[in-house]
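**Q** Whatever this is, show me its structure:
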Amino acid sequence: MGVTVAANGIGSASSISAGQIYIIYKESADDFVINSPRSINPHYRKNLTDDVFFDLAAQGKH
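**A** Model (predicted):
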């Protein structure tokens, strides 16, 4: 399926006939919330020194 959007904001899809669907969009009334895409690392050790980190990394252990 080919989809294109013209400079004026009008889009088309080659496999959908004109008038078959309509997309309605508007500004959300919801508060803007920033979600971190990162998950919590269960292996994170805040007080790990560089020497210990590299020793563990060289051994393949966590």
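
**Q** Mind telling me which residue is nearest the centre of the protein?
**A** The C-alpha lying nearest the average C-alpha coordinate of the chain belongs to P37 (CA atoms, centre = their mean; 6.7 Å).

**Q** Three-state assignment for the residue in the chain sticking out farthest from the centre, please.
**A** Among residues of the chain, the one most distant from the C-alpha centroid is D51; the distance is 34.2 Å, by CA atoms, centre = their mean. Classification of D51 by DSSP: H, G, I helix; E, B strand; the rest coil places it in helix.

**Q** do the one 4 residues further on as well
**A** Recorded secondary structure, D55: helix (three-state DSSP).

**Q** now the helices for this structure?
**A** Shown for the chain, the helices assigned by DSSP state H span residues 50-59.

**Q** what's the first-to-last distance across stretch 18-32?
**A** 34 Å (CA to CA, to the nearest Å).

**Q** Sorry, wrong one. I was asking about stretch 10-28.
**A** Note: stretch 10-28 ends 21 Å apart using CA to CA.
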